[in-house]
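# okay, sequence plus prediction incoming.
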Amino acid sequence: MSLAQQTFDWIQDQLGNGRTVNLSTYLKTIQVTPRIAAEWDAAGRDLFKIGKDGCLYVGRGKNYDCIAYPDTILCHVTSQATIGSK
């Protein structure tokens, strides 16, 4: 299993457990809450997906940005308890 697939599975697990996932680069941090992921699902779009090339992508508007190659993660990925959750 590639590093991108492992990261994808970990992100899905964290969101499924009600945790917020943080994607950090040198310039900014994006917080993805379970509510945001649910909104993308309701719209019929994947917020995170593995492309045909094996890379991990995150949705940005109508496009997707690569955040991990099969063997390299391009940003810092962490999770935290979602505010207001138990």
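Nice, thanks for sending it over. Keep in mind that what you see is a predicted model, and the values were worked out from it rather than measured.
# longest helix in this protein, by residue count?
Criterion DSSP state H: the longest helix present in the chain is helix 3-16.
# where along the protein do the strands fall?
Secondary structure of the chain by DSSP state E: the strands cover 19-24, 29-32, 48-50, 56-60, 63-69, 72-73, 76-81.
# mind putting these into TSV with distance to residue 42, mean neighbour count and mean pLDDT?
Every C-beta, even on glycine, is put in place using the N, C-alpha and C of the backbone. Conversion of those to TSV gives the following (distance: least, CB to CB, whole Å; neighbours: other CB atoms under 10 Å; pLDDT from 0 to 100):
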stretch	distance to residue 42	mean neighbour count	mean pLDDT
strand 19-24	18	19	96
strand 29-32	15	15	94
strand 48-50	15	17	97
strand 56-60	13	19	95
strand 63-69	18	16	95
strand 72-73	28	12	93
strand 76-81	22	13	92
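# of all the ones you listed, which lies closest to residue 40?
strand 56-60 (6.3 Å; CB to CB).
# how far away is residue 11 from residue 2?
Noted for residue 11: a distance of 14 Å to residue 2, by CB to CB, to the nearest Å.
# quick one on the thing from earlier: dump the strands of the chain into TSV; add distance to residue 39 as well.
Converted to TSV, the strands of the chain look like this (distance: least, CB to CB, whole Å):
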stretch	distance to residue 39
strand 19-24	14
strand 29-32	11
strand 48-50	14
strand 56-60	11
strand 63-69	16
strand 72-73	25
strand 76-81	19
